[in-house]
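Undergrad: how does the following fold in three dimensions:
(2 chains)
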Amino acid sequence: MLHLSFSRFKLSAAILLGTSLAFTSCGGNSQEGASDLSGSIQIDGSSTVYPVTEAVAEEYRAEAPDVRVTVGVSGTGGGMKKFTRGEIDIVNASRSMNASEAETASENGLSYVQLSVAYDGLTVVVHPSNDWAKDITVAELKKIWEPEAQGKIMRWNQIRPEWPDKEIHLYGAGVESGTYDYFTEAIVGKSHSSRGDYTASEDDNVLVQGVSTDPLALGFFGYAYYDENKGKLKAIPVDNGAGAILPSLETVKDGSYAPLSRALFLYISSKAVNKPEVVDFINFYLENAGDLSEEVGYIRLPDNLYKEQQQKFEQFTIGGATANQQ
Amino acid sequence: MTNSEKNRLKDKAFQVFGIFCTFIGLVVLAIFLIDIVMEGIGRIDWDFLTSLPSRRAARAGILTAWAGTLWILVLSALIAFPLGIAAGIYLEEYAKKTKLSNFLEINIANLAGVPSIIYGLLGLELFVRMMNLGGILLAGALALSLLILPIIIVTTREAIKAVPRTIRDGSFALGASKWQTVWNQVLPASFGGILTGVILALSRAVGEAAPLIVIGALAYVPFVPKTPMDEFTVLPIQIFNWTSRPQEAFLTNAAAAIIILLLITFLLNGIAVYLRHRQQKKIKW
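TA: Next comes the predicted model:
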């Protein structure tokens, strides 16, 4: 016969409970002269915009320690779903809201305002040993990436005859990302439409890895990933009819690197601006977005544009947040 | 060469092949561990464990991430443990071998193979939307409980099956009811095995990021969750987030966080091994 006490069940449960109670005492650190606002702000959306918002949220803790700001990364599409249902206050977006999302928002009685907070320059890159691709036109990029190219445009000399008769290996953003939507819209002319036979990843570091180890590669991803890996990659200037231009802090900021420089957005709902902490947070965001976006690898807007965003937001909050402002 | 020599040679060949197969797994694991440890070990210090997320890789920490992971672990255990064991006992001790119990058994076994993201989607619809919980700890823990429930049920049944028939017969012979037999004899005897299964299931849950992102777990959470109704993040999400950053220093952070996550799973596995060992020593029939 067995002589095992059954209290071990209870004991294990007690241990499990105990560990959960052990870490309930850490919390926000208050700071002198900080605002006495409290409440919570829920943000979700693009993982591209996430680093900027994370940086702002981090700094905002010193400003208003009692406001709980949380940021998720369910993607621009996922964030928009929650935003248009009214489940979150702010959505990080790496593209504009599309028609069906706008429809859902108005069905749920939400109006919203779109603010630009930083720029990103999608960079077209090749392997450093590639000595033929010295520039590329938008038309050539379209020829490579459009859906009709699938299975046909497979060699470099099909794009430009003087380029070598070698295979071309393509690397690009995965179809779920806002980056993909933006690139296809800017290059192919239609959002979410491209060839399917390329190496796709939602993780730009994977694309960096791919292009930097493949002498026949051509790829595209966010400027920050190129900037951090300059030694392993070569950026190609993009010609939009006005001469070939390399992406850089200046050319993206002044808009001459077109059409591949894009704005990163925040959307704020009419429901959210009823909360004073949201208004305060957004004002803080726009004041600091320039420095902080640069710090995390993006490109700041010109100062007058930040002013414009501030005015736009002010109008939205004062104007009773009735009309949608794009 | 005679037939027996041939056979001996084949035997030898298979032995070499077997060793080779065994080492493939070990070598891959070793390479992975060495790589991660070399990259991340220097980053781990007290500050790393007690700091909030930050845009500056050198100042960023994993406090809210490991706290969230621990919460998820405890809550999932509290939810899945009684449910899984009760279901296992029912199927093994009470259920008659009917078509219905057959059907249940096959489906539970199948559920153990469903990809975790599916449980995330189920949890999103069921707990987050229909029960209106939102993306909180409890919703995440409920979804992960569903994920590990089939594993717990299957291991519970295996453990109960391993209890010799004679123990039950002895108990019945002394006039014990079915419930008394299960509670006083079968369960204590199989408890080590059950607990091992539970802990191994939990160490699977600890590594999940996808279903929790679907549920609405966050990436930036500047506070430690205090109740099951709080929002949260977990280590795998933090790791995933850091590996997708352009700056090299975040990759080091990710490696350091992976080491912590590995330590948690090793610790859980260690507990499982220890419990099983103690159980084997204690039980004498």
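Undergrad: tell me, how many residues neighbour B:L267?
TA: Counted by other Cβ atoms under 10 Å in any protein chain shown, the residues lying close to B:L267 total 12. Backbone N, C-alpha and C define where each C-beta goes, glycine included.
Undergrad: next one: the helix or strand hosting it to chain centre, how far?
TA: Using DSSP states H and E, B:L267 falls within helix B:248-282. Relative to the centre of its chain, helix B:248-282 is centred 11 Å away, using Cα atoms, centre = their mean, to the nearest Å.
Undergrad: again with stretch B:103-115
TA: Here the centre of stretch B:103-115 is set off from its chain's centre by 17 Å, with Cα atoms, centre = their mean.
Undergrad: dump that stretch to CSV, keeping only the CA atoms.
TA: Written as CSV, here are the backbone C-alpha positions of stretch B:103-115 (Å, rounded to 0.1, in the frame of the first residue of the first chain):
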residue,chain,number,x,y,z
PHE,B,103,-14.0,9.8,-30.6
LEU,B,104,-12.9,12.0,-27.7
GLU,B,105,-9.6,10.2,-27.5
ILE,B,106,-8.7,10.6,-31.1
ASN,B,107,-9.6,14.2,-31.1
ILE,B,108,-7.6,15.0,-28.0
ALA,B,109,-4.6,13.3,-29.6
ASN,B,110,-5.2,15.4,-32.7
LEU,B,111,-5.5,18.6,-30.8
ALA,B,112,-2.0,18.1,-29.5
GLY,B,113,-0.8,18.6,-33.0
VAL,B,114,-2.7,21.8,-33.9
PRO,B,115,-0.3,24.7,-34.6
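Undergrad: per-residue pLDDT, residue 263?
TA: By default, I'm working from chain A. Looking at A:A263, its pLDDT is 91.
Undergrad: that's the wrong chain, I meant chain B
TA: 93.
Undergrad: now swap in A:R95 and tell me
TA: Looking at A:R95, its pLDDT is 87.
Undergrad: contacting residues for it?
TA: Neighbouring residues of A:R95 by Cβ atoms under 8 Å, 6 or more residues apart in numbering or on different chains: A:76, A:178, A:181-182, A:185, A:191, A:262, A:265.
Undergrad: columns distance to chain B and neighbour count on top of those residues, output as JSON lines?
TA: Shown next, in JSON lines, are those (distance: Cβ to the nearest Cβ, whole Å; neighbours: other Cβ atoms under 10 Å in any protein chain shown):
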{"residue": "A:T76", "distance to chain B": "14", "neighbour count": "30"}
{"residue": "A:G178", "distance to chain B": "14", "neighbour count": "27"}
{"residue": "A:D181", "distance to chain B": "18", "neighbour count": "22"}
{"residue": "A:Y182", "distance to chain B": "17", "neighbour count": "24"}
{"residue": "A:E185", "distance to chain B": "22", "neighbour count": "17"}
{"residue": "A:S191", "distance to chain B": "23", "neighbour count": "16"}
{"residue": "A:R262", "distance to chain B": "16", "neighbour count": "25"}
{"residue": "A:F265", "distance to chain B": "18", "neighbour count": "22"}
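Undergrad: of these, which belong to strands?
TA: Applying DSSP state E to the contacts of A:R95, the entries found in strands are A:262, A:265.
Undergrad: kindly present the contacts of A:R95 as CSV, with separate columns for distance to A:T84.
TA: Listed next are the contacts of A:R95 as CSV, based on distance: Cβ to Cβ, whole Å:
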residue, distance to A:T84
A:T76, 12
A:G178, 16
A:D181, 17
A:Y182, 20
A:E185, 20
A:S191, 18
A:R262, 21
A:F265, 14
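Undergrad: next SSE downstream of whichever helix in chain B runs longest?
TA: In terms of residue count, the longest helix belonging to chain B (DSSP state H) is helix B:3-40. Next helix or strand after helix B:3-40 toward the C-terminus (DSSP H and E): helix B:46-50.
Undergrad: output the below-cut-off pLDDT ranges for the chain.
TA: Because you didn't say which chain, this covers chain A. Within chain A, the set of residues satisfying pLDDT under 70 comprises A:1-34, A:320-326.
Undergrad: hmm, no, I was thinking of chain B.
TA: If you take pLDDT under 70 as the line, chain B has these spans: B:283-285.
Undergrad: give me that answer again for 80
TA: Low-confidence regions of chain B, defined by pLDDT under 80, span residues B:1, B:276, B:279-285.
Undergrad: quick one on the thing from earlier: ok, the longest helix of chain B near chain A or not?
TA: No. Judged by Cβ under 8 Å from any Cβ of the partner chain, helix B:3-40 makes no contact with chain A; its nearest approach is 14.0 Å.
Undergrad: off-centre distance for that helix?
TA: Helix B:3-40 has its average C-alpha position 26 Å from the chain's average C-alpha position, going by Cα atoms, centre = their mean.
Undergrad: for that helix, list every residue counted as buried.
TA: B:36-37, B:39-40 (16 or more other Cβ atoms under 10 Å in any protein chain shown).
Undergrad: quick check: angle from the helix holding B:L267 to helix B:3-40?
TA: The directions of helix B:248-282 and helix B:3-40 differ by 130 degrees, with axes from the mean of the first three to the mean of the last three Cα atoms, to 10 degrees as the criterion.
Undergrad: anything in helix B:248-282 near chain A?
TA: Yes. In terms of Cβ under 8 Å from any Cβ, part of helix B:248-282 sits within range of chain A, namely B:248, B:251, B:282.
Undergrad: make CSV from those and add neighbour count to it.
TA: Formatted as CSV, the residues of helix B:248-282 next to chain A follow (neighbours: other Cβ atoms under 10 Å in any protein chain shown):
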residue, neighbour count
B:E248, 11
B:L251, 18
B:K282, 14
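Undergrad: rewinding a little: for the contacts of A:R95, which one is nearest B:W71?
TA: Checking these against B:W71 with Cβ to Cβ, the nearest one is A:T76 at 28.5 Å.
Undergrad: got the residues of the stretch 151-285 of chain B near chain A?
TA: Residues of the stretch 151-285 of chain B lying near chain A (Cβ under 8 Å from any Cβ): B:167, B:170, B:183-185, B:187-189, B:191, B:195, B:213-214, B:216-224, B:226, B:231, B:237, B:241, B:243-248, B:251, B:282-283.
Undergrad: partners of A:V71 in the sheet?
TA: Counting by DSSP bridges, A:V71 forms beta bridges with A:I43, B:Y220.
Undergrad: return the distance of it relative to A:T53.
TA: Relative to A:T53, A:V71 is positioned 5 Å away (Cβ to Cβ, to the nearest Å).
Undergrad: which neighbours do the two share?
TA: A:43, A:92, B:220.
Undergrad: isn't B:A189 up against B:V163?
TA: Yes. If you go by Cβ atoms under 8 Å, B:A189 and B:V163 touch, sitting 4.8 Å apart.
Undergrad: hmm, back to that, ok, so of the contacts of A:R95, who is nearest B:I264?
TA: For the contacts of A:R95, the nearest to B:I264 is A:T76 (32.1 Å; Cβ to Cβ).
Undergrad: show me the contacts for that closest one.
TA: Residues in contact with A:T76 (Cβ under 8 Å, 6+ apart) are A:45-46, A:48, A:91-95, A:177-178, A:181.
Undergrad: other SSEs contacting the helix or strand hosting B:I72?
TA: Following DSSP H and E, one finds B:I72 within helix B:63-89. Helices and strands touching helix B:63-89, by 3 or more Cβ pairs under 8 Å, 6 or more residues apart in numbering or on different chains; DSSP states H and E, are helix A:7-21, helix B:46-50, helix B:137-161, helix B:187-206, helix B:235-243, helix B:248-282.
Undergrad: what sits up against whatever helix or strand comes next after that helix?
TA: Using DSSP H and E, the helix or strand that directly follows helix B:63-89 along the chain is helix B:99-111. Here helix B:99-111 makes contact (Cβ under 8 Å, 6+ apart) with B:87, B:91, B:95, B:149-150, B:153-154.
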